[in-house]
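Undergrad: Fold the following.
(3 chains)
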Amino acid sequence: MAEELAAQTQTTGAFGNPPPSGHPLIRRVMVATTVIFLTLFIVIPVVNVFAQALSKGVDAYVRVLHVAGPPVGARLSPAERRKLAAERGQAEKTWSSIRLTAGIAVIVVPLNIVFGLAAAWSVTKFRFKGRAFLIALIDLPFSVSPVIAGLIFVLLLGRSGVLGAWASSFTWPDPFSLHWRGFAQDWWPLAFTRSFTGIIFTPLAIVLASIFVTFPFVARSLIPLMEAQGSDEEVAALSLGASGWRTFRKVTLPNVKWALLYGVILCTARVFGEFGAVSVVSGHIDSNDTMPLRIEKLWNEYNNQAAFGVASLLAFLAIVTLIVQTIVERQTGKSEMRQVEEEGTQ
Amino acid sequence: MSIEVCSVNKTFNQFKALDKVSLKVETGELVALLGPSGSGKTTLLRVIAGIEAADPGSGPILFDGRDVSAQEAGKRRIGFVFQHYALFKHMSVFENVAFGLRAKPWRLRSKEAEIRAKVGELLQLVQLQNFAQRYPSQISGGQRQRVALARALAVEPRVLLLDEPFGALDATVRRELRRWLRKLHRRIHVTTVLVTHDQEEALDVSDRVAVMNEGRIEQFDSPEAIYDSPANPFVFKFLGSYNLFHARKTNAGDAVAASPADAGGVTFVRPHDIEIRRENSDGFGIAARINHIGFAGSLVNVELARIDNDTVVDAALPAHAYKDLGLKPDDRVFIRLRNTRSFDEDFSI
Amino acid sequence: MSENAAAFRSTTHPSRLVPGLPLTLGYTLFYLSVLVLIPLAGMLFKTAQLGWSDFWQTVTDPIVVASYRLTFTASAIAAAVNGVFGLIVAWVLVREPFLGRRLFDALIDFPFALPTAVAGLTFSSLYLADGWIGGLGRHVAGSINGVARLAGFGEVLSADALSWLSFPYSNTNTGIVLVLIFVGLPFVVRTVQPVLRDWDTEYEHAALSLGASRATILRRVIFPAILPAWLSGLALAFARAIGEYGSVIFIAGNIPGKSQIAPLQIVTKLDDFRTAEATAIGIVLLFFSLLMLLAINGLEWWMRRRERAT
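TA: Just a heads-up that it's a prediction; the model follows:
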């Protein structure tokens, strides 16, 4: 094995110089094409988000989220007062959209983590009838239009939906009506601080639609890795007398932690960014606006700078996602290299 | 066609793969490049093929006296067989062999019927006429290697270059293919260079062997000469198991001084050149004790330890000789050395 | 990544020793039922209630047909553009060292990470007639015509070409194609890239030593090897573009029958509480999505089979 590996690295390492792919001019044109294509379609659009957000200066950028009240003792004309109140109202709506989105993520992501782990465990550690179908089913949301994802919930739970009668009388209790209201109102990011009747056109529907759109991410990033790792280590732990739960925590989880993180990041990014599905079930009600929906409203009100302000927050999140993704990929790459080396020396 | 390589250098990021290598292969000859991994043998083959370019400042590579070092691999009319076959997976055996014929510029391309006839002939030659429509994944390793060979031969190469052609195959298939290659070479008689790290293979199949080490050719000679009179300790050691004595041959006879005090050189002896006797009749024998006896078919491997300094000596003797002597572990015996090779001690092991 | 791991780890048959099947499988099935199976069944139930003639009337309505046509043509064009450029990008990122290669490599995933609404927003502002790039196009077009006029040729570019180059927001559907290119960009690159990375250059040397030209090698040796991955990337990009909604509505004119994509038709119908019609349009779209899913799975199966064969 070691010798073969050495021979491998020799042929692909030192000798593995690919033959030049054609005339130097063609190669240069191809590199230039790549750079221009990616610049036009990725770099400029992303830079543009920040440029537009800051196009009216930092002050205006801050005012997207927060507008201070009138200075103490200032005398404002009624027109000015109205304008200030309108601005404050807008900023408050934007701010609440951020809180709502974060709150949705706080609910959706843990649920999807549990689902992803359970699904990956059942699909990779066992063989049963319908397993392939189950895997395909997990992938389904990726190939369904987000609008349809929203539509199926409307058709199920909407007023004329299949379960419409039940759903429209469903009452979501206010979990914070009794305890620490102050905390709930000021700091609790969820919109679930009041009661709702019905499901569609409430944050509950947004949660459902978000789960539908994002549940594959964690499972999808875990399944290939756990499949490749097999059950040898788990069987070893179990045969040494460890309980199933302990085996999962001490053996499986450490082995898949980077893939899990990767899935969680993708899932979170998508919860924050989902538009179509959420748009359909939100009913265009202001208090149901997540950040992307808020962007649409600001855009439709010709408030471009504010729309880009909110967009810049999401774009920033996307950049963070990419950076973490790169780090995670490097980590998994490293641990794989280590594995290869270890087994190479055996 | 003859191949001549003159003082060729090749470096891969500071690693000197070839160090002023010169080599001349005569027309119709089958030459083996033999050496451990990293010795530069594959690089030399790839430089000859034109897959790898020699460092600037290297001497020319002459095919029949004409410098081809500026030519691309495709123009040199060579047939190259890769260690891992490099058969095109999505093409059938037939298509693989026909590839070189079909890749020719339109004007030079043969007619479809001619291509078919030619491929059929080649598949006949490598005894795979019944496998034409199979895909590489559907045939065995040895068969794949023969397809690779047929593919290389299809373009009527002036030189055949084989990179570890049997490296990935198991021992019996190797031996069979080796014999088959010998026969094939006798039939088509094309100048052939073969890279291998297997001494037995190199000695068995080739007209001449170039032993390589650290980017240099240590010795280039016939298999007999290589084995019987190795030019240096490296060649001796690379060609088989050996015993090492830190001493020079002391007399014209056949024994080595018994004491390490006589240092100043080294002497190598192959295990089968160590003779075991019960008596030290002429006084030249070295006293030793038998540690272990291992059976290896026709030969018996005896591990001994010298009485004077406890150095381990490996001997291999024919089964009948072993029986005659009636050796047992812990017996005290005397050893005598035949066919020793002494070198000055100015090399590093 | 997974293939590498698979190559070096023994995948033994799962053992009976491993516990937790009832719990994990039960939870998985429960979750999937609540979220996927029951809602989908509900949709099918609703569709079944529609009645054939209503259904047919809805989906053959000229405006709806126009929206399908727009969705599919724009998606096909975007996928084709991505097919060509994605191949070049993947090739360059694997084979050509250049300054900033790693950065560009990381950037490829941006369309996955960036919310579609943000993409739509920034593209629409860029490619509007007064946006950075839209303006550029108009200036280029204008100066071409200006030079031609000065040289006495009259106007070389027709009004059509002019409008295409200046990407006016509501008149043409260029913007839709552009944003769909963005959305589908990573698929082709990310499916072809690993195949090219694992590609053994020995094949190219072999073909080269047999006298093949670079064009022949590209056409007969390399391209067949990456074909399944490429097709699968194309299919993924196409499938994604068909369903895309968020980014398109920002840039499209959204004029019914002219620049309204099929998902937008669904949303409009829903907003008008014409749920039945929305369902009918949705079921057709869903049918095509499932068809694409089938095609993609087929391609992946083909790829795996070829990999195993080696």
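Undergrad: going forward, measure contacts and count neighbours with C-alpha atoms only.
TA: OK.
Undergrad: how about the helices in the stretch 51-200 of chain B?
TA: For the stretch 51-200 of chain B, the helices defined by DSSP state H, counting those that start in this stretch cover B:93-102, B:112-125, B:141-154, B:171-188, B:199-205.
Undergrad: Next, work out how far apart the spatially closest residue to residue B:151 that is not a sequence neighbour and residue B:136 are.
TA: By the measure of C-alpha to C-alpha, 6 or more residues apart in numbering or on different chains, the closest residue to residue B:151 outside its immediate chain neighbours is residue B:97, 4.1 Å from it. From residue B:97 across to residue B:136, the span is 11 Å (C-alpha to C-alpha, to the nearest Å).
Undergrad: Okay, now the unreliable bits of the chain?
TA: Here I'm looking at chain A. Along chain A, the parts satisfying pLDDT under 70 run over A:1-21, A:173-195, A:334-346.
Undergrad: wrong one, I was asking about chain C
TA: Scanning chain C residue by residue, the ranges that satisfy pLDDT under 70 are C:1-16, C:128-141, C:154-172, C:306-310.
Undergrad: Minimum distance to chain B, which residue of it gives it?
TA: Ranking the residues of chain C by distance to chain B (C-alpha to the nearest C-alpha) places residue C:211 first, at 3.9 Å.
Undergrad: Hmm, residue B:73 and that residue touching each other?
TA: Yes: assessed by C-alpha atoms under 8 Å, residue C:211 is found in contact with residue B:73 at 7.4 Å.
Undergrad: what's near enough to touch residue 85?
TA: Answering for chain A, as no chain was given. The neighbours of residue A:85, taking C-alpha atoms under 8 Å, 6 or more residues apart in numbering or on different chains as the test, come to nothing; the list is empty.
Undergrad: could you do chain C instead?
TA: Neighbour list for residue C:85: A:34, A:37 [criterion: C-alpha under 8 Å, 6+ apart].
Undergrad: ok, now how distant is it from residue A:37?
TA: Between residue C:85 and residue A:37 the distance is 8 Å, computed by C-alpha to C-alpha.
Undergrad: What does the pLDDT read for residue B:121?
TA: Per-residue confidence for residue B:121 comes out at a pLDDT of 90.
Undergrad: Could you show which parts of chain B are in contact with chain A?
TA: Listed as neighbours of chain A in chain B under the rule C-alpha under 8 Å from any C-alpha of the partner chain: B:12, B:37-38, B:43, B:51.
Undergrad: what about the spatially most central residue of chain C, which SS state?
TA: Using C-alpha atoms, centre = their mean, the residue of chain C that lies closest to the mean C-alpha position is residue C:237, 2.2 Å off. Reducing the assignment at residue C:237 to three states with DSSP: H, G, I helix; E, B strand; the rest coil gives helix.
Undergrad: Give the burial count for the closest residue to it other than its chain neighbours, as a bare number.
TA: Leaving out its chain neighbours, the residue that sits closest to residue C:237 by C-alpha to C-alpha, 6+ apart is residue C:184, at 4.5 Å. Residue C:184: 29 surrounding residues under other C-alpha atoms under 10 Å in any protein chain shown.
Undergrad: What strand or helix carries residue C:184?
TA: helix C:174-198 (DSSP states H and E).
Undergrad: just to revisit the earlier point, more neighbours: which of residue B:97 and residue B:136?
TA: More neighbours surround residue B:97 than the other of residue B:97 and residue B:136, with 30 against 26 (other C-alpha under 10 Å).
Undergrad: That one reaches residue B:147, doesn't it?
TA: Yes: contact between residue B:97 and residue B:147 holds when scored by C-alpha under 8 Å: they sit 6.9 Å apart.
Undergrad: Pick out the residue of chain B closest to chain A.
TA: Residue nearest to chain A within chain B: residue B:12 (6.4 Å; C-alpha to the nearest C-alpha).
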